[in-house]
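K.L.:
Got a sequence here, can you model it:
(one chain, ligands or ions: 2)
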Amino acid sequence: MYLPGVGPKKAEVLRKEINVVSWEDMIYYFPYKYIDRSKIFKVREINGNMPYIQLKGKISGYQAVGEGSGRRLTATFSDDTGSIELVWFRMLKQIPEMYKVGTEYILFGKPTLFGHRFNIAHPELETENKFYEGEVGVQGQYNTTERMKNAFLHSRALQKIITKILENIKTPLPETLSKDIIDKTHVIPLDEAIRNIHFPKSADLLRKAQYRLKFEELFYLQLNILRVTKYREKRLGGLLFTKVGDYFNNFYKYNLPFELTNAQKRVVREIRQDTNTGKQMNRLLQGDVGSGKTLVALLSILLSLDNGFQGAIMAPTEILATQHYETIRELTAGLGIEVALLTGSTKKKVRETILPKVRSGEIQILIGTHALIEDTVEFGNLGLIIVDEQHRFGVAQRAKLWKKNTVPPHVLVMTATPIPRTLAMTVYGDLDVSVIDELPPGRKPVKTYHVYSEKRRNLYESVRKQLQEGRQVYIVYPLIEESEKMDLKNLTEGFETTKQIYPEYNVCMVHGKMKPAEKEAEMQKFVSGETQIMVATTVIEVGVNVPNASVMIIENAERFGLSQLHQLRGRVGRGADQSLCILLTRYELSENTRKRIAIMTETNDGFVIAEEDLKLRGPGDIDGTQQSGVAFNLKIANLSQDGQILSQARDLARDILEADPLLEKFQNGLLKQQLDKLNTGHKMGWFMIS
Ligand code: ADP
Ligand code: MG
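P.N.:
Ligands and ions are numbered 1, 2, ... in the order given. Got it, this is the predicted structure:
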C-alpha cells in the first residue's frame, strides 16, 4: 500500500528535494523549529528581537516594486493596532491569488528590521478555521523548498503525512541504541522520541526527544569515524621515514628561499614524528591562505624521497596543479629530482611516457588533479600523498589513497578553509590536526571596506589608480543555481560595463558554466598578466596565486557566506603591496547581514570568521552546512550549539571501541548493524509494513 497523500508525483518531489524516499526517511525529517500557536501577537507589540510569531489581520493591497533582481511584491497587513509590510521575492504572480485582500488571516512569520521599519518576508497565511490546536499549543515547522511548496508539500502537508505514518506504526519502533548506551545516557526510547519530536506532549518530552535524537546522530557519526581510525591502527602498518638525507638537507642549505616561520617548523616536526611511528600518518594541516603550506608539503615530500619513497600532490583544479608543479620545479632546481605533472588534459603521448616512469619510481614527485588517483596510475613505491584544498575529502575518499601502496602511504590533507573545532571533529574526526597560525613576515593584512552599491562611482576612480600602478583586479559576482539565469545576466552585464569603464585595460571573464578548457584559457590570461581585470564568479575561490592582484571587488556581498567571503578575499594580499577588498551591498540590509559584513571588515582571522559563520546560521540552513564543507547533512544536531553532546557522544564511542575495536562482541551487534545500515544507505521505499 502506498501512503495516502503521497502519490508518485509528490514522492518524486520529496526524493529530489529532501532525499526522502521512504516512510522511514519521512519520520526522520524533523521540524526545524517549534512555534507557540496558542499566542497571537498584536502588530504594536512587535519589537527588535522576536522569533517567528503569529498575527491576525487583513491584507489591504499589493504593490510591485523594484526592477531586475530587486523585483519584489509588497503588501500591507493590518490589525486593530497598526500595520506592517509583507514582502515576497518569489512567486510574485501567484501570491495575490492565494492571499485575498480583505480576508482575515492568521499570519505566521518572522519580523525583520529594515532601516527603521519592520517587515515580514514570505509569511505563511492561513484562514482561521485551519488553526492548529495541539496538545500543548506547540507546533513543529518543517523546512520546505520552493518546489515542494509548488507541489503543495508545505509544512502542514508534511505534518499530515507524518501523522498518518505514525498512526500506521502499531508496534513501537525498534530501538537503535544498545541497552548499555541507553543505561549510561538515560535517553528516552526511540519510539517515544520520534513521536514527541513531531508532536510534543510536553515541553519536557520535547527536550528529551531532541536530546535523544541529537545524541544518536552524533554518536553514530563519531562511532563511524573512530572505527576507521581503529581499523587503520590495528590492521594497517605505516611506512617508516627514519632518515633525514641529502634531498632534505641540500634543499634546506641551498634552495630554501627564506627562513621558515616557527609555525612551519613546528608542523614539519609533527610530521617527522608521525612518520617515525610505524603507523600510517593521517594528518590535517590547517593554515590560513598565504600561510605557506606548500613549503611544508615539499619538505615532507623530501623526507619521503630521502627514505626511498615517492611523493604526490593532488590539487582540485588544473590551474592549481600546474601552479604547484611550477613552484615545486623551481624550488627543487638543481637537486636532481624528477617531477612530473599529470592532469585530465595531459596528452595521451605524454601520459604514456609518464606512467611507466611513475611505476618504475624514476619520477619521484607526481603532481596532478584527481587524475593521479585513478587506477591506471600505479606508483613504484609511494610514501606520501598530499591532498590540497579539497574541503570534502572525507574518510571514504581518503581510504582510496591508502590502496596506492601495499603498506598505505602517509596522507596529509591541507586546507585553508578554517574548520571550527566541532566540525573538524566530525568531518576529519579521524585525523590528527596541525595548524599554521602564523603568516610569513612582512605580509600586510588585506584591508576590507563595506561600500554601498549606490556609491560605486567613487570606487571606479580609486580602482583606476591601482590599475595605473600596475596592479590587477578581481570583480566577483554571485552565481547560485536557484537564480542562475539572472545571475549570469548580471555577470555578463558587469563584464560589459567594466570594459566600458576601463577601456584602456584588458578584461577577461570566468564562470562555472564555461567549458573547462575555455575557463582555463581565460584564467590563464589573468595569471600571465595579459588581462588586468578579471570578472568572475566564485570559481576563483580556491588556490589561484596571482601575487600582483591586489584589489578584489565583491558584488552583492550580502549573498555570500562568511567563510566564502574569507576564501575569496584570500586571493588578494599575496604580494608585498597593500591589498584591498571591497564588499558592495545595497543600502537596505537586515540586521543579521549588516553584522556579517561588519565581521568581515573587522577581522582577517579565518577561525573567528568560521565560528561566527556557524553561529549566525540557523540550524535549518541546509545550504549552510554544505557550504562549510560537511560531506553529510545533519538532520537534527547543530554543530554550533551541540558541542557538548558531541563530546559526550565521542567519549562514549571511544570507550566502546577501546574495548571492542572492530565491534565484534555480542552486545555491540546492534551498533554494528546500525552503522552498516547508515553506511549503505539502505532504504525501504514508501510501502508500509503492516
Ligand atoms: P598557502 O598556505 O595559501 O598554500 P603558499 O604555500 O602558497 O600559501 O605560500 C604563500 C606565499 O608565501 C608563497 O609565495 C610562498 O613562497 C611564501 N612563503 C611561504 N613560506 C614563507 C616564509 N617562511 N617566509 C616568507 N615567505 C614564505
Ligand atoms: Mg596553497
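K.L.:
and the residue sitting furthest away from the middle of the chain, what does it touch?
P.N.:
Relative to the C-alpha centroid of the chain, counting by CA atoms, centre = their mean, Asp80 is the outermost residue, at 45.1 Å. By CB atoms under 8 Å, 6 or more residues apart in numbering, Asp80 lies in contact with Lys42, Gly57. C-beta here means a position set from N, CA and C on the backbone, and glycine is covered the same way.
K.L.:
what's the distance between the closest residue to Tyr502 other than its chain neighbours and ligand 1?
P.N.:
With CB to CB, 6 or more residues apart in numbering as the criterion, Tyr502 has its nearest non-adjacent residue at 6.4 Å, and that residue is Ile533. According to CB to the nearest ligand atom, to the nearest Å, Ile533 stands 22 Å off from ligand 1.
K.L.:
now swap in His324 and tell me
P.N.:
His324 sits 9 Å away from ligand 1, going by CB to the nearest ligand atom.
K.L.:
Model confidence for the closest residue to ligand 1 within the stretch 351-500 of the chain, exactly?
P.N.:
Going by CB to the nearest ligand atom, ligand 1 is nearest to Pro440 of the stretch 351-500 of the chain, at 3.3 Å. At Pro440, the predicted lDDT confidence score is 87.
K.L.:
pretty sure it is in a strand, no?
P.N.:
No. Assessed with DSSP: H, G, I helix; E, B strand; the rest coil, Pro440 is coil; it does not lie in a strand.
K.L.:
Pull the contacting residues for it.
P.N.:
Pro440 is in contact with Phe258, Thr261, Gly290, Ser291, Gly292, counting by CB under 8 Å, 6+ apart.
K.L.:
residue in the stretch 51-200 of the chain nearest to ligand 1?
P.N.:
Closest approach between the stretch 51-200 of the chain and ligand 1, counting by CB to the nearest ligand atom: Ser69, at 33.1 Å.
K.L.:
if you skip the residues just before and after it, what's nearest to that residue?
P.N.:
Using CB to CB, 6+ apart and skipping residues adjacent in sequence, the residue nearest Ser69 is Met486, 5.3 Å away.
K.L.:
Just give me the neighbour total for that neighbour.
P.N.:
Using other CB atoms under 10 Å, Met486 has 14 other residues around it.
K.L.:
Now do the SS call for it.
P.N.:
Classification of Met486 by three-state DSSP places it in helix.
K.L.:
Got the phi and psi for the closest residue to ligand 1 within the stretch 551-690 of the chain?
P.N.:
Here the stretch 551-690 of the chain gets closest to ligand 1 at one residue, Arg574, 6.3 Å apart by CB to the nearest ligand atom. Dihedral pair for Arg574: phi -100, psi -10, per degrees, to the nearest 10.
K.L.:
That one contacts Asn545, correct?
P.N.:
Yes. Arg574 is within contact range of Asn545, at 6.0 Å (criterion: CB atoms under 8 Å).
K.L.:
List the buried residues of the top helix by length along the chain.
P.N.:
Counting residues, the longest helix found in the chain (DSSP state H) is helix 203-235. Buried residues in helix 203-235, defined by neighbour count with 16 or more other CB atoms under 10 Å: 205-206, 208-230, 232.
K.L.:
Centre of the chain to that helix, how far?
P.N.:
In terms of CA atoms, centre = their mean, to the nearest Å, the centre of helix 203-235 is found 21 Å from the chain centre.
K.L.:
Also stretch 42-60?
P.N.:
Centroid separation between stretch 42-60 and its chain, computed with CA atoms, centre = their mean, is 34 Å.
K.L.:
need the contact list for Asn119.
P.N.:
Per CB under 8 Å, 6+ apart, neighbours of Asn119: Thr74, Ile84, Glu85, Leu86, Val87, Pro111, Thr112.
K.L.:
One more pass at 7 Å, please.
P.N.:
Taking CB atoms under 7 Å, 6 or more residues apart in numbering, we find Asn119 in contact with Ile84, Glu85, Leu86, Val87, Thr112.
K.L.:
Between all of the residues you listed, which two are at the greatest distance?
P.N.:
The largest distance within the contacts of Asn119, taken as CB to CB, falls between Leu86 and Thr112 and amounts to 11.3 Å.
K.L.:
of the two, who's got more company?
P.N.:
Between Leu86 and Thr112, Leu86 has the larger neighbour count (other CB under 10 Å), namely 22 against 17.
K.L.:
so is the closest residue to the more buried one other than its chain neighbours in a helix, a strand, or just coil?
P.N.:
Spatial nearest neighbour of Leu86, chain neighbours left out: Ala75 (4.6 Å); criterion: CB to CB, 6+ apart. Counting by three-state DSSP, the backbone at Ala75 sits in strand.
K.L.:
ok, Leu479 - how many residues close by?
P.N.:
Residues lying near Leu479 (other CB under 10 Å) number 20.
K.L.:
For it, grab phi and psi.
P.N.:
In terms of degrees, to the nearest 10, the main-chain angles of Leu479 are phi -150, psi 110.
K.L.:
I'd like the distance from the closest residue to Ser590 other than its chain neighbours to Pro478, if you could.
P.N.:
Of all residues not flanking Ser590 in the chain, Thr112 sits nearest, at 5.2 Å (CB to CB, 6+ apart). Thr112 is 21 Å from Pro478, where distance means CB to CB, to the nearest Å.
K.L.:
Kindly report the same for Thr415.
P.N.:
Separation of Thr415 from Pro478 (CB to CB): 23 Å.
K.L.:
same thing with Val187?
P.N.:
For Val187 relative to Pro478 (CB to CB), the value is 42 Å.
K.L.:
How about the stretch 501-650 of the chain: which residue is closest to ligand 1?
P.N.:
Counting by CB to the nearest ligand atom, the stretch 501-650 of the chain gets nearest to ligand 1 through Asn545 (5.7 Å).
K.L.:
Contact partners for that residue?
P.N.:
Contacts of Asn545 (CB under 7 Å, 6+ apart): Gln323, Arg574.
K.L.:
A helix includes Met600, no?
P.N.:
Yes. Residue state for Met600 (three-state DSSP) corresponds to a helix.
K.L.:
State the number of residues packed around it.
P.N.:
22.
K.L.:
Show the contacting residues for it.
P.N.:
Going by CB under 7 Å, 6+ apart, the list of residues near Met600 reads Thr448, Leu562, Leu565, Leu583.
K.L.:
And the first one, how far from Gly115?
P.N.:
Going back to what we said before, that points to Thr448. Using CB to CB, we find Thr448 at a distance of 24 Å from Gly115.
K.L.:
and stretch 484-495, which residues are buried?
P.N.:
By 16+ other CB under 10 Å, the buried positions in stretch 484-495 come out as Asp487, Leu488, Asn490, Leu491, Gly494, Phe495.
K.L.:
Save those residues as TSV, and put in distance to Ala637 and pLDDT too.
P.N.:
Listed next are the buried residues of stretch 484-495 as TSV, based on distance: CB to CB, whole Å; pLDDT from 0 to 100:
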residue	distance to Ala637	pLDDT
Asp487	32	86
Leu488	36	85
Asn490	37	89
Leu491	37	92
Gly494	40	94
Phe495	43	95
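K.L.:
As JSON lines, those residues with distance to Gly470 would be great.
P.N.:
Putting these into JSON lines (distance: CB to CB, whole Å) gives the following:
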{"residue": "Asp487", "distance to Gly470": "31"}
{"residue": "Leu488", "distance to Gly470": "31"}
{"residue": "Asn490", "distance to Gly470": "29"}
{"residue": "Leu491", "distance to Gly470": "26"}
{"residue": "Gly494", "distance to Gly470": "23"}
{"residue": "Phe495", "distance to Gly470": "22"}
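K.L.:
can stretch 286-297 be found next to ligand 1?
P.N.:
Yes. Using CB under 6 Å from any ligand atom, we find that stretch 286-297 touches ligand 1 at Gly287, Val289, Gly290, Ser291, Gly292, Lys293, Thr294, Leu295.
K.L.:
Looking at Thr448 and Gly115, which is more packed in?
P.N.:
In terms of neighbours (other CB under 10 Å), Thr448 is the more surrounded of Thr448 and Gly115; the figures are 23 against 9.
K.L.:
can you pull the contacts of the more buried one?
P.N.:
Thr448 makes contacts with Arg569, Cys581, Leu583, Met600, Thr601, as judged by CB under 7 Å, 6+ apart.
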